[in-house]
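J.: Provide a 3D model corresponding to the input given below.
(4 chains)
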2 protein chains.
Amino acid sequence: MRYLVKSFKALSDETRLRILNILLERECCVCEVMQALDISQTRASRNLSALYDAGFLKLRKDGLWSIYSIDREGMKKYLPDLVEAVAKELEGNKLARQDRERLKKAERVGPGCVERIRNIAPAA
Amino acid sequence: MRYLVKSFKALSDETRLRILNILLERECCVCEVMQALDISQTRASRNLSALYDAGFLKLRKDGLWSIYSIDREGMKKYLPDLVEAVAKELEGNKLARQDRERLKKAERVGPGCVERIRNIAPAA
DNA sequence: GTTATAGATGCGGATTAACGCATATAAAGA
DNA sequence: TCTTTATATGCGTTAATCCGCATCTATAAC
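T.: Numbers count the residues shown, from 1 in each chain, chains lettered A, B, ... in the order given. Sure thing, here's the model as predicted:
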């Protein structure tokens, strides 16, 4: 039961649902999540970790980058239709749509990627 | 999105999952929930309200009793298989099994039902 | 080795959640 | 009306959560 509680807890946060939303589009490194959601590095990293700990994300390292992606098997563990339900619910959401738009312009290339964003990202 | 967060939040608590578990067996008044989970009146009432506010329960009044039951439509709103998933996960859980056992002996009849339980229910 | 950089994390403060205690509310009966 | 009783709720305390700041870690290039 503890695992079930943990899973639901991971899903009961707006930031984390927004992260799932953009990861449904494509895999992302931390700095891309920062750009897409317009949030700080700490916040992106922490919430990605929470989703990872709950078994919803896969992590792949590529040089300095930590690249997270949806773990569809993990998301199906308790609820077979969880992926679709989240996607469907966020489809019509304004904030989620904005995130997806910003994601298109987000990129991990270019020096000082995080440093640049660090100053841009507001406290939110 | 706020509603989705609220729904997951309602599910991310052990007490509330235990309540769903026994309500899957049958409808219950507050004092039966107290007996089945061996918790205080405040705790039972508050967590039932939380599940009700999230749209997972139906409420029917019968005299002094507030009788809560699973709202299957409400539980299917976002996740069609939520009811089954919770039931299945709690099936093999020790605590959940104990609750179901105590539920069999729980009853709402008899004077001083709550008063009696008030003194029995530990802080937990 | 040194430096630069992406990401993780310890700490502290602010917000929120959970629960017990006491009390309020409301239905039923006398 | 007055009492009893099942449930709801305001308040205060404790614990958990979230996040920013600063710092640490680890990879990569030089």
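J.: Which strand or helix spans the residue nearest the centre of chain A?
T.: Nearest residue to the geometric centre of chain A (Cα atoms, centre = their mean): residue A:19, 2.5 Å. According to DSSP states H and E, residue A:19 maps onto helix A:14-23.
J.: What is whichever helix or strand comes after that helix packed up against?
T.: Once the chain leaves helix A:14-23, the next helix or strand it forms, by DSSP H and E, is strand A:28-29. Here strand A:28-29 touches strand A:65-70, going by 3 or more Cβ pairs under 8 Å, 6 or more residues apart in numbering or on different chains; DSSP states H and E. Where you see a C-beta, it was placed from the backbone N, CA and C, and this is true even at glycine.
J.: Parallel or antiparallel, list what pairs with the strand it packs on.
T.: Sheet pairing of strand A:65-70 (DSSP bridges) gives strand A:28-29 (antiparallel), strand A:57-62 (antiparallel).
J.: so of these, which one's packed in deepest?
T.: Across the strands paired with strand A:65-70, averaging neighbours per residue (mean count of other Cβ atoms under 10 Å in any protein chain shown) puts strand A:28-29 on top, at a mean of 24.
J.: quick one: is that one near DNA strand C?
T.: Yes - using Cβ under 7 Å from any atom of the strand, strand A:28-29 reaches DNA strand C at residue A:29.
J.: That strand and DNA strand D, are they touching?
T.: No - using Cβ under 7 Å from any atom of the strand, strand A:28-29 never reaches DNA strand D; the gap is at least 13.1 Å.
J.: Near chain B, which residues of chain A are found?
T.: Applying Cβ under 8 Å from any Cβ of the partner chain, one finds that chain A approaches chain B through A:1-2, A:4-6, A:8-9, A:11-14, A:17-18, A:78-82, A:85-86, A:89-90, A:93, A:95-96.
J.: Contacts only, for the residue nearest to the centre of chain A.
T.: Taking Cβ atoms under 8 Å, 6 or more residues apart in numbering or on different chains, we find residue A:19 in contact with A:33, A:37, A:44, A:47, A:48, A:51.
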